Each structure stands twice: as structure tokens, then as C-alpha cells.
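S.K.: A structural model of the following input is requested.
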Amino acid sequence: MPTHRSPEQLYRHSLRLLLDKDIDAWTALWAEDGVMEFPFAPPGWPRRLEGRDAIAAYMSGYPDHIDLHDFPDLRIHRTTDVRTVVAEMRGLGLLVDTGAPFDMTYIAVVTVREGQFTSYRDYWNPLAVQQPGLDFAGNGAR
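M.R.: Here you go, the predicted structure:
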């Protein structure tokens, strides 16, 4: 019987992969039918991605736009559902196109099944995408 990471362990591992800019390995953490949602996404940005392939396509250009350096202030909270955690954190780095600082606050509600992400609701600040150089969603708003 394979041993799977706990939701907290999987989430911490996923952040390490983002810092390493290993988007392929990050995408491999997803269930085939996983769903990623952005409830606060502004117009022109996706609100829901269904399936690993859609998530991979969305994330493929991430390192070309954001050079992440750290996720300070990470707090992971367990919930009454052992498969679900709530993560609070900041993402720090630079915008690749402009060299401007990147500082985003996130709250994510993440559910894991059999060692893979199945649901990820990412509550990020939609005002931050108004910065030039942050168009990795392909909405043309550079």
C-alpha cells in the first residue's frame, strides 16, 4: 500500500516546487480531474480550471512572469475534514518583465485525495494583477 503525503506535507512540497520553478513536477501533484478555482479573479482571468491539463496550461508560463523567492508567514490550518487544509501565506519575488517586487497575500482551501490535489480554491488579491508584467493568464493586460 503506497504511503501518501498528508495534505499539509503535500502543500509544503508544492511550494518548494514553485520556488524551484518546477512547474511540471508541481502539475504532477494534481489528480487528473482536479479543479482549481479563483473566486476573486478579475474580468479576463480564469475563475475555474477543470482537470490537470487545464491547470498545467495555466501554470506553464508562471516562472516567465513571476520569479518567486519565498513564501514567508506560511500558516497551515487543519479542518474537520482530514483531507482539507487552509493555508495562509505571502508569496515574495520579482516580476520578470519589470524587475518590480512581487508581494502577494494568499489564502487557499486545498483538498487532497490519495496524495494528489483534487480541489484548490485560491483567494488571492485581484488588485495585484494590475501591475505591468503580471499577465501569465494570457488576458493581454500587460
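S.K.: and the worst-scoring helix or strand of the chain on mean pLDDT, how far from the chain's centre?
M.R.: Least confident element among the helices and strands of the chain, by mean pLDDT, DSSP states H and E: helix 62-65 (a mean of 90). The chain centre lies 13 Å from the centre of helix 62-65; the measure is CA atoms, centre = their mean, to the nearest Å.
S.K.: Let me see the mean pLDDT of the helix or strand just after that helix.
M.R.: Sequence-wise, the next helix or strand downstream of helix 62-65 (DSSP states H and E) is strand 66-70. If you average the pLDDT over strand 66-70, you get 95.
S.K.: Export strand 66-70 to CSV, keeping only CA atoms.
M.R.: Provided in CSV are the C-alpha atoms of strand 66-70 (Å, rounded to 0.1, in the frame of the first residue of the first chain):
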residue,chain,number,x,y,z
ILE,A,66,7.0,35.8,-11.6
ASP,A,67,10.4,34.9,-10.0
LEU,A,68,9.3,33.6,-6.7
HIS,A,69,11.9,33.7,-3.9
ASP,A,70,10.0,32.9,-0.7
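S.K.: and stretch 32-50, which residues are buried?
M.R.: G34, V35, M36, E37, F38, A41, W45, L49 (16 or more other CB atoms under 10 Å). C-betas here are computed from N, CA, C, even on glycine.
S.K.: Ignore what I typed, I meant stretch 109-117.
M.R.: V109, V110, T111, V112, Q116, F117.
S.K.: Tell me which two of the residues you listed sit farthest apart.
M.R.: V109 and Q116 (16.0 Å; CB to CB).
S.K.: Closest one to R5 out of the buried residues of stretch 109-117, please.
M.R.: Closest approach to R5 among the buried residues of stretch 109-117 (CB to CB): V112, at 7.9 Å.
S.K.: The strand or helix carrying the closest one to strand 66-70, inter-axis angle?
M.R.: Here V112 sits within strand 101-113, counting by DSSP H and E. Computed by axes from the mean of the first three to the mean of the last three CA atoms, to 10 degrees, the angle separating strand 101-113 from strand 66-70 equals 80 degrees.
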